[in-house]
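[1] Give me the fold of what follows.
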Amino acid sequence: MLELKDVTISYKNRPTVKNFHLHLRQGEICSVVGESGSGKTTVIRAVLGLLAGGGKVTEGDILFQGKSLLSNTRETWRKLRGTEISMIFQDSGAMTNQTRTIGKQFVEYICTHEDISKKDAWEKGIQMLARMRLPSGDNIMKSYPFQLSGGMRQRVGIAMAMTFQPKLLLADEPTSALDVTTQAQIVRQMMELRDEYKTSIIIVTHNLGVAAYMADQIVVMKDGEVVDAGDREQILHHSESTYTKGLLEAVPSLGGVRYV
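    Have a look, this model is predicted:
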C-alpha cells in the first residue's frame, strides 16, 4: 500500500528528517509518536506532497500502490488528494473558511472531485455527516465553522476526508485539541472507518494512550530520526530503546496501574 524507503527531508539543504522508513499494508494503522519537533508532521506532509517553506525529499522514495509519489505533477496530485489519500488536521475547523458555511465548502469539495449536481452533493454531505454520528446534518451544513464545538468540527473534517473512501488516511494529531471524552469518540470512529472501508491510517500523536489503542505498528521518532519501530506488542512491552522506555514511563498511572 505505502512504503517510505529511507526518506530524508530537507529545508534549505539541511536535513530535518533522516532515513525514515515505513511499510504500511491495506487496513493497517501506524502511529508515529515522539516529542514536539521530532519530525512527525513533516513525514506525513511529505507523503501528501504538502511540505511547506521549500521543504523537499532529498533522498529515498515514497511509494503508493507501487508508484513513486515524488514524480507527481500538480494535476496528478489534484486527482489524488481527497480521493485516494486524505488528511485530517489537528483542528479541522481552523483549516476551513470561517466566512463560508460548512455546506458551501463541503459541496465545493465534492463537486471538485466528482461530476455531480450541487443538490446531490449536498445530500451526499449530509449522509457523510450522519455516518460520523452528527445529528441534524442539514443544520450543520447551514452552520459556520465557528458555530460548532471542537468535536463537531473535527467530525466534519473526518466526514470530508472519508467522502471518497480513500485508501490512505493521514491524521495529524486529530484528538489533541479535544477533551478526553471527545478524544475517545473520535478514536473509536476512526477505528470504525478502518473496519468499514479497509482504509490504511497513519496517525501522528504524542499521546501513547491513543497509539496503544489504535496502532498495529508504532514508529518512535526523536530529532528527525526513527529511534524505535515495531508492532504494538513489541514497542509497548519489549522495547530495548531507552527513549521509548522513557516515553512509556512518562505516561500517568491511575491507582498505580499504567494502561500502556
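[2] residue ranges with poor pLDDT in this protein?
    Along the chain, the model assigns pLDDT under 70 to residues 93-94, 177, 253-260.
[3] Figure out the helix or strand that the residue most central in space within it lives in.
    In the chain, the centroid-proximal residue (C-alpha atoms, centre = their mean) is residue 171; its distance is 1.1 Å. Per DSSP states H and E, residue 171 falls inside strand 168-172.
[4] do residue 163 as well
    Secondary structure assignment for residue 163, by DSSP H and E: no helix or strand.
[5] which residues touch it?
    The neighbours of residue 163, taking C-beta atoms under 8 Å, 6 or more residues apart in numbering as the test, are 82, 109, 110, 113, 124, 125, 128. Bear in mind the C-beta positions are built from the backbone N, C-alpha and C, glycine included.
[6] you'd agree the residue nearest to the centre of the chain is up against residue 90?
    No. With contacts counted by C-beta atoms under 8 Å, residue 171 stays clear of residue 90, the gap being 9.0 Å.
[7] what residues are shared contacts of the two?
    When C-beta under 8 Å, 6+ apart defines a contact, no residue borders residue 171 and residue 90 alike.
[8] ok, back up a step: quick one: buried ones out of the contacts of residue 163?
    Buried members of these, counted by 16 or more other C-beta atoms under 10 Å: 82, 109, 110, 124, 125, 128.
[9] Turn these into a markdown table, including secondary structure and distance to residue 167.
    Listed next are the buried ones among the contacts of residue 163 as a markdown table, based on DSSP: H, G, I helix; E, B strand; the rest coil; distance: C-beta to C-beta, whole Å:
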| residue | secondary structure | distance to residue 167 |
| --- | --- | --- |
| 82 | coil | 12 |
| 109 | helix | 18 |
| 110 | helix | 18 |
| 124 | helix | 19 |
| 125 | helix | 21 |
| 128 | helix | 17 |
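[10] Beyond the strand or helix carrying residue 181, next helix or strand please.
    Per DSSP H and E: residue 181 is located in helix 180-197. As assigned by DSSP H and E, the chain's next helix or strand after helix 180-197 is strand 200-205.
[11] Need the residues that contact that next one.
    Strand 200-205 is contacted from outside by 1-2, 22, 24-33, 40-41, 43-44, 47, 167-176, 190, 194, 210-211, 214-215, using C-beta under 8 Å, 6+ apart.
[12] quick revisit: list the helices and strands the strand holding residue 171 packs on?
    The contact analysis (3 or more C-beta pairs under 8 Å, 6 or more residues apart in numbering; DSSP states H and E) places strand 168-172 against helix 40-47, strand 85-88, helix 180-197, strand 200-205.
[13] can I get the ones you listed in a markdown table with mean neighbour count and distance to residue 101?
    Formatted as a markdown table, the helices and strands packed on strand 168-172 follow (neighbours: other C-beta atoms under 10 Å; distance: least, C-beta to C-beta, whole Å):
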| stretch | mean neighbour count | distance to residue 101 |
| --- | --- | --- |
| helix 40-47 | 22 | 28 |
| strand 85-88 | 23 | 20 |
| helix 180-197 | 16 | 23 |
| strand 200-205 | 24 | 29 |
